[in-house]
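S.K.: Give me a model of this one.
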Amino acid sequence: MTLASEDAVLSPPAPFQSSIMQIEPQWIDYNGHLNMAYYNVMFDRAIDELWVQFGIGPTYMKERHGSTFTAECHVRYLREIHLGDPVQVSILLVGADEKRLHTFEELRHATEGWLSATSENMTIHIDMKTRKTAPFPPDIRARIEAIADAHRGIARPEGLGRRIAMPSK
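M.R.: Alright, predicted model coming up:
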């Protein structure tokens, strides 16, 4: 691996782009569109790809006994996705500290580009031996900071920080 490709692994383009995913037939509900639960499956698969970039994927859990748990999630469903629609998730690292990662994800039609859903998440780092929150190790924290630095200059997307409430009259 050359130095340039090593840098690409440590600092992927901002925001992070997942691989293109396909809707699975069993995910379609009786309304003829993607069931709400499976949006979370696709967001989770995309996050898993980013976690590998951070060095906190399955190997990290097996070898270093650390992992992440989702502490909070807010999904907005904006446009229907149907069977046959290719999708891709972009992920913005909004913030990070010694134990937490704040991400904002957008699920888009992969060829037409329109926005289908967003997911804003707070993820916590866990010591799997104690199953309690713990600081990221210094090497992982450095990777996270490198990506956080790359993402700081990106305009904040519409919907970030949105809360659920009845419309005011």
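
S.K.: Verify the stated contact: His65 with Lys129.
M.R.: Yes - in this structure, His65 is within contact of Lys129 by C-beta atoms under 8 Å, at 5.1 Å. C-beta coordinates here come from the backbone N, C-alpha and C atoms, glycine included.

S.K.: Compare these two (neighbour count), which wins?
M.R.: Legend: neighbour count by other C-beta atoms under 10 Å for His65 and Lys129, higher for His65 (13 against 9).

S.K.: Tell me who's in contact with the more buried one.
M.R.: Shown in contact with His65 (C-beta atoms under 8 Å, 6 or more residues apart in numbering): Asp127, Met128, Lys129.

S.K.: so where's the chain uncertain?
M.R.: 1-13 (pLDDT under 70).

S.K.: what ranges do the strands span in it?
M.R.: Counting by DSSP state E, one finds strands in the chain at the ranges 16-17, 21-22, 66-77, 86-96, 100-109, 115-127, 132-133.

S.K.: Thr130 and Ser67, how far apart?
M.R.: Distance check for Thr130 against Ser67: by C-beta to C-beta, to the nearest Å, it reads 12 Å.

S.K.: Of those two, give the one with the bigger neighbour count.
M.R.: Neighbour count, other C-beta under 10 Å: between Thr130 and Ser67, Ser67 has more, with 18 against 9.
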